[in-house]
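K.L.:
using only what follows, build the 3D model:
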Amino acid sequence: MQEELTLTAEVEGFQLSPQQDRLWLLQGQGGEPGDAGPYRAVGVVEVAGELRPAALREAAHRVVARHEILRTAFRCLPGMTTPLQVVVPDAAPAWESVSLLGLSPAAQAEEVARLRAEERERPFDLTTGAALRVTHVALGPRAHNLLLSLPALCADTQTLDALTAELARAYAACDADAADAEADEPLQYARLAAWQTELLTEAEAAQREFWQRRSAPSLWALAPPGERKHAAAGPFRPASVSIRLGPETLHRVRSAAAAHGASVEVFLLACWQTQLWRLTGNAEFVVGYLTGGRPFEELRGAPGLLARWLPLAVQFSAATSFGALLRQTHQAVAEAEDAQAAFVWPHSGRVEPAAGDFPACGFEFNGEFAAHAAGGLTFRLRSHHACVDRAGLTLVCAVEADALRAELRYDPAHYTAADVERLAGQYATLLSSATAAPAAPAAGLEMLGEAERRRLLVEWNETAAEYDRGVCLHQLFEAQAARTPERVAVVYEDEQLTYAELDARANQLARYLGRAGVGPEVLVGVCVDRSLELLVGLLGVLKAGGAYVPLDPAYPQERRDYMQRDAGVAVLLTQQHLLDVIPPTDAHVLCLDSDWERVAAEPTDSPAVAVGPDNLVYVIYTSGSTGRPKGAMLHHRGIVNCVAWMQATYRLDETDRFLLKTSLNFDPSVWEIFWPLAVGASVVVARPGGHRDADYLARTVARH
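P.N.:
Okay, the predicted model is just below:
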């Protein structure tokens, strides 16, 4: 047995168990270590029969006197951050009585739920040793509830069931005014804590290696959709969303699990793993699996914190059948429970756990608890909540009154209630699909209910919006130029053009191109560096009715030559310094800088061209990653629609400036140019190569 450690001449203490040691650290995250916070066990025991409250209260005192963990305080020696367990000889349970007689059953249920929720928030003084709180709720002459509450340092879910059995036995003795029928000395928690520490020390190397292989931080990095990432340190205030699945669902789960030689617990866990895989796409990951921590018969009824998370690894592939997953999960659970005594968390020995020390997702299962008959009464644990560790998202499944309750407990710092409600609905749908076809591939199980399917396929696709379907892209610019002719339209280095100046130059170019044969569906190559000439060239092509084909001067010569030949451009716009990179061509070549005198002779008013929304705007070539680059053809109607949506969504106005830094060969350049010009904003043109110079971009942004 562990050596007792002397605090003072009068008080003796014991070291914490591995579970208590971890929980003490968790309690200190965002609060005082001595504050239990959300870490507690709360249960509602249903009592049927004619109850003698005085006998029940005496029974609670006897149970506390019998089990040291129910009167254990946690006190630190001077200079220590981790406390000792101190058994307080005369600590008694806190007792309250509440009468709900005369209320309707619905009102009684609502009030009991309120009391249970309130109990989950009430603070504990962990230094006094008064661990157990009991609230007797009278519902009727033969109907009662007992609300049991303990800090998680002293209890887990199975502790609540063990206390239910102990209260029933002690009540029978008190009701008969007799000594306890159980004369044997119970196994005390301090002794179990010492035993667990010894097991960790003596664990075989194979068991330690087993956990090392399954505790890689990368496997814990699971992020279901909706998770808002943040540092793990900080207050943990879990919330929950519950769904009740009726007797028919439970029957189907039992039948499907039995058909594959699996337990209900394994079946439910396999469904949860499938959902996480389907949502994240992670082929391999770890789920925190909560084991009761009582592998031996002698421990079954032992109160105290013995439950613990174990990392449960799972592997998926597209071909994994659900039946194969059940077998894999069954084996993983069995192996984990066999080696549980050797598991320690990665943070062991540190003052505070880090983000990777928490399971992103967890799973807990509780079967229906047995009824305990005593003194003409029946005691049964009906509902329970035990928070003994920290996880971002935990599925807790429990069998209650021949039905199945699935509760998703979550950290509101990571998830919203709406996200978790959606996950709960998906789990219910997947569970139904798995019971109907347990031999099907896990990838093919249905997850979307009718409401969510409709939302995804119908409601989110109801994006129709009104916009001017009869205009072309350049006409949006023309209308804006008429409204704000003196506003600055484009800036390049120390040069700029107003809307009126840009419109006039584009009109001159359009008339020149029209006389060169450019009209609707005629392709014009544009091999021009970012400059004022680039915007004049693009608008001039569109005003002439043509469509432009970007030929980025920075592209390899072979690629530009291929695109120029493949498109069959009739006219090629370029600049004097780029003529050396232009291959021999039959196209009409025009330099927008050195040849501008020829263009400047044209009138400045807009030419009349029969071009419409269904004519081409541009042909942009793909990357060629799947073979030869392919020209993607876009029409005025689609781009006008896109510009209308972007303006409705992001609302540029005449005070905004938009940085043009994207190559003309990528379609984001389209809205970097034409969206601001359609609403009166200014386009600031980054110099050639400037998009690769972060310092230059920062200076340009700051300047403008």
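K.L.:
quick one: the strands in the stretch 301-450 of the chain, in order.
P.N.:
308-315, 361-366, 372-374, 377-386, 393-400, 403-410 (DSSP state E, counting those that start in this stretch).
K.L.:
so which of the ones you listed gets nearest Gly246?
P.N.:
When the strands of the stretch 301-450 of the chain are compared by Cβ to Cβ, strand 403-410 sits nearest Gly246, at 5.4 Å. C-beta here means a position set from N, CA and C on the backbone, and glycine is covered the same way.
K.L.:
is it possible to get TSV of the strands of the stretch 301-450 of the chain that adds distance to Val569 and mean neighbour count?
P.N.:
Formatted as TSV, these follow (distance: least, Cβ to Cβ, whole Å; neighbours: other Cβ atoms under 10 Å):
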stretch	distance to Val569	mean neighbour count
strand 308-315	54	21
strand 361-366	56	23
strand 372-374	89	19
strand 377-386	72	21
strand 393-400	56	22
strand 403-410	58	20
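K.L.:
any chance of these in CSV, with mean pLDDT and distance to Ala190 too?
P.N.:
Below are the strands of the stretch 301-450 of the chain laid out as CSV (pLDDT from 0 to 100; distance: least, Cβ to Cβ, whole Å):
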stretch, mean pLDDT, distance to Ala190
strand 308-315, 85, 18
strand 361-366, 92, 26
strand 372-374, 92, 26
strand 377-386, 93, 21
strand 393-400, 92, 29
strand 403-410, 92, 30
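K.L.:
count the neighbours of Ala55 for me.
P.N.:
18 (other Cβ atoms under 10 Å).
K.L.:
kindly apply the preceding question to Asp561 instead.
P.N.:
17.
K.L.:
so how far is the strand or helix carrying it from its chain's centroid?
P.N.:
Following DSSP states H and E, one finds Asp561 within helix 557-567. For helix 557-567, the separation from the chain centroid amounts to 46 Å (computed by Cα atoms, centre = their mean, to the nearest Å).
K.L.:
please identify the buried residues of it?
P.N.:
With burial defined by 16 or more other Cβ atoms under 10 Å, the residues of helix 557-567 counted as buried are Arg559, Arg560, Asp561, Tyr562, Met563, Gln564, Ala567.
K.L.:
with distance to Arg687 added, can I get the strands of the stretch 301-450 of the chain in CSV?
P.N.:
Shown next, in CSV, are the strands of the stretch 301-450 of the chain (distance: least, Cβ to Cβ, whole Å):
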stretch, distance to Arg687
strand 308-315, 52
strand 361-366, 49
strand 372-374, 83
strand 377-386, 63
strand 393-400, 49
strand 403-410, 50
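K.L.:
for Val571, which of those strands is the nearest?
P.N.:
Using Cβ to Cβ, the strands of the stretch 301-450 of the chain put strand 308-315 closest to Val571, at 59.1 Å.
K.L.:
tell me the strands beside that closest one, with direction?
P.N.:
Strand pairing for strand 308-315, determined by DSSP bridges: strand 284-291 (antiparallel).
K.L.:
which residues does the partner strand contact?
P.N.:
If you take Cβ atoms under 8 Å, 6 or more residues apart in numbering as the criterion, strand 284-291 is touched by 214-215, 219-222, 269, 272-273, 276-277, 307-316, 333, 336-337, 340, 359, 361-365, 388-389, 391, 394.
K.L.:
and stretch 457-473, what's buried?
P.N.:
So for stretch 457-473, counting by 16+ other Cβ under 10 Å, buried means Val471, Cys472, Leu473.
K.L.:
before we move on, the earlier item: only alpha carbons, please: show the helix holding Asp561 as PDB.
P.N.:
What follows is helix 557-567, C-alpha atoms only, in PDB (Å, rounded to 0.1, in the frame of the first residue of the first chain):
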ATOM      1  CA  GLN A 557       8.000  31.300 -75.500                       C
ATOM      2  CA  GLU A 558       6.700  27.800 -76.500                       C
ATOM      3  CA  ARG A 559       3.500  28.200 -74.600                       C
ATOM      4  CA  ARG A 560       2.800  31.700 -76.000                       C
ATOM      5  CA  ASP A 561       3.400  30.400 -79.500                       C
ATOM      6  CA  TYR A 562       1.100  27.500 -79.000                       C
ATOM      7  CA  MET A 563      -1.800  29.600 -77.600                       C
ATOM      8  CA  GLN A 564      -1.400  32.200 -80.400                       C
ATOM      9  CA  ARG A 565      -1.500  29.500 -83.100                       C
ATOM     10  CA  ASP A 566      -4.300  27.500 -81.500                       C
ATOM     11  CA  ALA A 567      -6.600  30.600 -81.000                       C
END
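K.L.:
other SSEs contacting that helix?
P.N.:
Other helices and strands packing on helix 557-567, by 3 or more Cβ pairs under 8 Å, 6 or more residues apart in numbering; DSSP states H and E, are strand 523-526, strand 547-550, strand 616-621, strand 631-635.
K.L.:
among the strands of the stretch 301-450 of the chain, which is nearest Arg71?
P.N.:
strand 377-386 (19.5 Å).
K.L.:
the closest one pairs with which strands?
P.N.:
strand 40-48 (antiparallel), strand 372-374 (antiparallel).
K.L.:
do you know how far the spatially closest residue to Ala262 that is not a sequence neighbour is from Gly261?
P.N.:
Excluding the flanking residues, the one nearest Ala262 by Cβ to Cβ, 6 or more residues apart in numbering is Leu326, at 4.6 Å. As judged by Cβ to Cβ, to the nearest Å, Leu326 and Gly261 stand 8 Å apart.
K.L.:
more neighbours: the two, which one.
P.N.:
Legend: neighbour count by other Cβ under 10 Å for Leu326 and Gly261, higher for Leu326 (25 against 11).
K.L.:
and the helix or strand that contains Ala162, what does it pack against?
P.N.:
Ala162 is part of helix 157-175 when elements are defined by DSSP H and E. For helix 157-175, the packing partners by 3+ Cβ pairs under 8 Å, 6+ apart come out as strand 40-48, helix 53-66, strand 143-151, strand 372-374, strand 377-386.
K.L.:
who wins for proximity to Tyr427 among those?
P.N.:
So among the helices and strands packed on helix 157-175, strand 377-386 is nearest, using Cβ to Cβ, at 18.9 Å.
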